[in-house]
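> pasting a predicted model and its sequence here:
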Amino acid sequence: MMSLAVRLRRHLRRLLLLFLSGSLLGSAYFLLSHSYPSVQLSQSGDPTSAVASSTALPPPYRTLNTREKTHSNTHQQTDTHTNKHRYPDTPTARQADTPPQPSPDPPSSVEPVVLVLVESQYSQLGQDIITILESARYPFRTEIALGKADLPPLTDQGRGRYILVIYESLLKYTGNWNRHLLHQYCLRYRVGIITFHRANQNSPPLLKLRGFPLLLRTNQVLRDASVTSHSPVLHLTRPGTDHGPLPGDDWTTFTSNHSSYQALVQARPREGGLAAGSGDTTAPGFSLGLQATVVVDEGLWDGVRRVVFGHGLGYWLHRLLLVDAVSYLTDRKLSLGLERHILVDIDDIFVGKEGTRMNTADVKALLNTQYRLRSQITNFTFNLGFSGKFYHTGTEQEDDGDDMLLQYVSEFWWFPHMYSHMQPHLFHNLTSLLDQMVLNKDFALEHGIPVDQGYAVAPHHSGVYPVHVQLYEAWKEAWAIKVTSTEEYPHLKPARYRKGFIHNDIMVLPRQTCGLFTHTILYKDYPGGSTELDHSIRGGELFLTVLLNPISVFMTHLSNYGNDRLGLYTFVHLADFISTWTHLQLLTLPPLQLAHRYFTLFPEQRQPLWQNPCDDKRHKDIWSKEKSCGRLPRTLVIGPQRTGTTALHLFLLMHPSISGPRQLDGLSPYREVQFFNTNNYHKGIDWYMDFFSLPSNVSSDFLCEKSSSYFSSEEAPRRAAALLPKAKILTLLINPSDRAYSWYQHQRAVGEHVALRFSFYKVISAGHEAAADLRSLQNHCLTPGLYSTHLGRWLQHYPANQLLILDGQQLSSDPAAVMNEVQKFLGVTPHFNYSQALMFDQQKGCWREAGRTKCLGNKERKYPVMEPEARSFLSRYYREHNINLSQLLHQLGKPLPSWLREELQKVR
Ligand SMILES: Nc1ncnc2c1ncn2[C@@H]1O[C@H](COP(=O)(O)OS(=O)(=O)O)[C@@H](OP(=O)(O)O)[C@H]1O
């Protein structure tokens, strides 16, 4: 028998559907019938996708109560009260009796993207929100909440664009005249809202939000924040009380008489800080004498779930709760889970000046702490990195400490450093690197140190990133290394952007900072004062690092474990704080297992993205002096294929200041390096640079590389822009139909069977069911011609002024004019006179260097003209793309080539 609860739920669902369809239709009708020019509906006609920016918009669609009507005329966003009798509003009958419910079965069609509506680009709170989202790797989009009626489009063809909305300003949110559209969206897609109220000196002491059963008291001075137990928001957070004053004297607290609102955090007024009206805290969900600083609206009021903070994210507990609020309001879709892996490396074992090393008491403390930490961090084991050369080079007590470490060798994990702690990038010669490693390995074998852990670290990150290929080779050969770690990829800062990658089968894990460095040995001398370290542990940077990273590898040094034993202090207190305040399950895994886990969690990080080592001073400092960024090209000819790119490249190379790749590995001028678009990329930048000789003058001479399939490659623009952000990009366009035909004819000329078997028309018009080889040829014929798509991708990564689009037809008829344009664009000197240097060979039908006989570029092929049937098929096929291309060229302020004008005329 159907239970009452089930029947009630169904009834509510039906009511919700009725409400939704009614209000959505009503809104759509209203917006459409008033046809405000600034309100655009998406193709789906969904009113929640409206972009509303007009200041003349009507008040919200839903029935207003009397007070709201009065205020809506003046567009006043909040009511300021001192009169207790007017607080709080009684909900209208409809709201009280049948509150709309969020969809119980959320539609799957919502993008997992958070919409963040910030006050301005630079607002502190906005940046704090973004920092947390970025650190947690949650996709988000930021919009500036400008006008009172602004709302970005929320849907795209029936699909919800956002899984959660974070409004930096509660007043901007509640004061938005289109918030009913936002709420409809939230109801339909079960989307929640997080918002903050930051009071300032001008804030009235009491604020009643229009349309919400919520009263705000501002500028409160509070202490002893306690997280209430049993809140549905709590996931990572453990309830408890943070004793002591809350930072600042501008806290906002909330009271509500509606059961939808529950206190999540409550605090006591500090003496002298009690605000008027505090006696109202008898309302449901609020405790007597305590002020609610964070409240949860469970959606019983108007169907929308919210979490409202009465301060920014400067307070550590709010940062933790924000992570939980995101998880709660997205039904755990944006959630980091409870497991956190921590690996603590202790580097420089045996290295270090006398007086900064561990004695036997320190080693005992290390062992004891390791056992103690195992009760909070499963399997916790310190990972010791050693340089054998410095064994027994401390004081007598420190040498005893060395021996004690070796006595307990099996209690720890071990990894090799360089024998003499040398930086690997200084060794250009693989053999000398290997010699150093073998010395350390011999030391390890002699002292019973395990040599099979597969993990190694290089001093000062040297050679790990930027990659020193010799280091990777030597590691593999000497130690069979499979894992390393660095803080340098892609850059040291900001730390939250650090990633891993895999190169030459060695997994590189990102390393996090714990605030301890070789020189940090005394608590009292901690940079910025010892409280800095405590802040970092107690909810600050170090705590957040563990909170927001499923895997944290920390690097500490021997010197942090002698003297004050700051390393032990740090991790013991960190583990205590985490156990007190969170449900996180901490564990340690050996590096190899950890690395496998990391790349299972983040498979997209496996492939590296190489940057230019000279663009980061730290990278340059740990890059071999024998390598030079001068050996990276400054110009790329990207294609597409069959548009005259070989001729263009050879014309460029005629210029006295321009040179191309050396003819390595039998690379003829007609062969291409194809670095950015193929697996060659994984050979690393050393491989790429080996193609180029250092130009005589790095600043005025140009290295140029041409690979004509870069143009349509998905990967090439992103990779090229990461390594060569300042490069000038040259592309040649001809009619895409002719390009397709030229490719087909080229395939026939080189004896490609499928091209010989099928007519051009058969190739281009082949259906999905066609054989794979035919489809592949079709793809090569057609896809590069989707010019606007490919150009759009390059323009996502390069500014328009670094891209020159040339007319291939003109390169054929008047190359000197084109080359003059190119010279100007590149800023290359001296001016080279191509009119004199180039001659057209009538007999061969090609351009050649004056005085020489060889054709420059692929010779014009003699092949039959394209069948009219194929031409009109292709004109139709490319029609949309050609229109898009013309719009793109128009936006870029570039003239339309004649072939494009002709194609556009056909459209008409
Ligand atoms: N100066 C000049 N300007 C413009 N076009 C020229 C020039 N010289 C040769 N060609 C024609 O370019 C076609 C070959 O293009 P690519 O060199 O880009 O081919 S490839 O991608 O490197 O295979 C090839 O086209 P088809 O004639 O269709 O085969 C050549 O004729």
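Cool, the structure landed.
> so the residue of the stretch 651-800 of the chain found nearest the ligand, which of the three states?
Closest to the ligand within the stretch 651-800 of the chain is residue 742: 3.2 Å, counting by Cβ to the nearest ligand atom. Placement of C-beta: from N, CA and C, glycine included. Under DSSP: H, G, I helix; E, B strand; the rest coil, the three-state class of residue 742 is helix.
> same deal with the one 3 residues further on?
In the three-state summary, residue 745 is assigned as helix, counting by three-state DSSP.
> quick one: contacts for it?
Shown in contact with residue 745 (Cβ atoms under 8 Å, 6 or more residues apart in numbering): 861, 863.
> get me the contact residues on this protein for the ligand.
Proximity of the chain to the ligand is confined to 641-647, 708, 742, 746, 808, 811-812, 815, 846-847, 857-858, 860-861 under the rule Cβ under 6 Å from any ligand atom.
> so the closest residue to the ligand within the stretch 251-400 of the chain versus residue 131, what's the distance?
Residue of the stretch 251-400 of the chain nearest the ligand, by Cβ to the nearest ligand atom: residue 334 (45.2 Å). The spacing between residue 334 and residue 131, counted by Cβ to Cβ, to the nearest Å, is 15 Å.
> neighbour count winner among these two?
Neighbour comparison, residue 334 and residue 131: the larger count goes to residue 334, with 22 against 16 (by other Cβ atoms under 10 Å).
> please, where are all the strands along the stretch 551-700 of the chain?
551-557, 585-587, 635-639, 658-659 (DSSP state E, counting those that start in this stretch).
> returning to that earlier point: does the residue of the stretch 251-400 of the chain closest to the ligand touch residue 164 like I think?
Yes - when contacts are counted by Cβ atoms under 8 Å, residue 334 is listed as touching residue 164 (7.0 Å).
> residue 216 reaches residue 251, doesn't it?
No - counting by Cβ under 8 Å, residue 216 stays clear of residue 251, with 10.5 Å between them.
> shared neighbours, the two?
Counting by Cβ under 8 Å, 6+ apart, the residues touching both residue 216 and residue 251 are residue 310.
> show me where pLDDT drops low in this structure?
Along the chain, the parts satisfying pLDDT under 70 run over 1-108, 272-288, 664-670, 907-908.
> let's see it at 80
1-108, 147, 271-288, 520, 663-670, 858-861, 907-908 (pLDDT under 80).
> closest residue of it to the ligand?
For the chain, Cβ to the nearest ligand atom, closest residue to the ligand: residue 644, 2.6 Å.
> what number of residues lie near that residue?
That count, for residue 644 with other Cβ under 10 Å as the rule, works out to 27.
> just the helices in the stretch 401-550 of the chain please.
430-446, 469-479, 530-537, 541-548 (DSSP state H, counting those that start in this stretch).
> ok, residues contacting the last one?
Read it as helix 541-548. Contacts for helix 541-548 (Cβ under 8 Å, 6+ apart): 132, 135-136, 236, 316, 319-320, 323, 336, 340, 342, 495-496, 512-515, 536-537, 552, 570, 574, 577-578, 582, 584, 586.
> now swap in stretch 613-633 and tell me
Here stretch 613-633 makes contact (Cβ under 8 Å, 6+ apart) with 423, 425-426, 428, 460-463, 465-466, 468, 488, 491-492, 611-612, 685-686, 688-689, 692-695, 698, 702-705, 723-725, 727.
> hang on, the earlier thing: any chance of the helices of the stretch 401-550 of the chain in JSON lines, plus mean neighbour count?
Below are these laid out as JSON lines (neighbours: other Cβ atoms under 10 Å):
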{"stretch": "helix 430-446", "mean neighbour count": "17"}
{"stretch": "helix 469-479", "mean neighbour count": "20"}
{"stretch": "helix 530-537", "mean neighbour count": "18"}
{"stretch": "helix 541-548", "mean neighbour count": "22"}
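> so where's the longest strand in the chain?
Criterion DSSP state E: the longest strand present in the chain is strand 339-349.
> packing partners of it?
Counting contacts by 3 or more Cβ pairs under 8 Å, 6 or more residues apart in numbering; DSSP states H and E, strand 339-349 packs against strand 383-386, helix 541-548, strand 551-557, helix 566-581, strand 585-587, helix 591-601.
> show me how far the first one is from its chain's centre.
If I follow you right, that is strand 383-386. Centre-to-centre, strand 383-386 and its host chain are 32 Å apart (Cα atoms, centre = their mean, to the nearest Å).
> in that strand, what's buried?
By neighbour count on 16 or more other Cβ atoms under 10 Å, the buried set for strand 383-386 is 383, 384, 385, 386.
> again with the shortest one
Of the residues in strand 585-587, those buried by neighbour count under the rule 16+ other Cβ under 10 Å are 586, 587.
> list the contacts of that strand.
338-342, 376-380, 546, 575, 578.
> the residue of the stretch 651-800 of the chain closest to the ligand: what's it in contact with?
Applying Cβ under 8 Å, 6+ apart, we find residue 742 in contact with 642, 861.
> could you shift the numbering so residue one becomes 113, and keep it that way?
In the new numbering, first residue 113, that becomes residue 854.
> how far away is it from residue 846?
For residue 854 relative to residue 846 (Cβ to Cβ), the value is 8 Å.
> try residue 529
57 Å.
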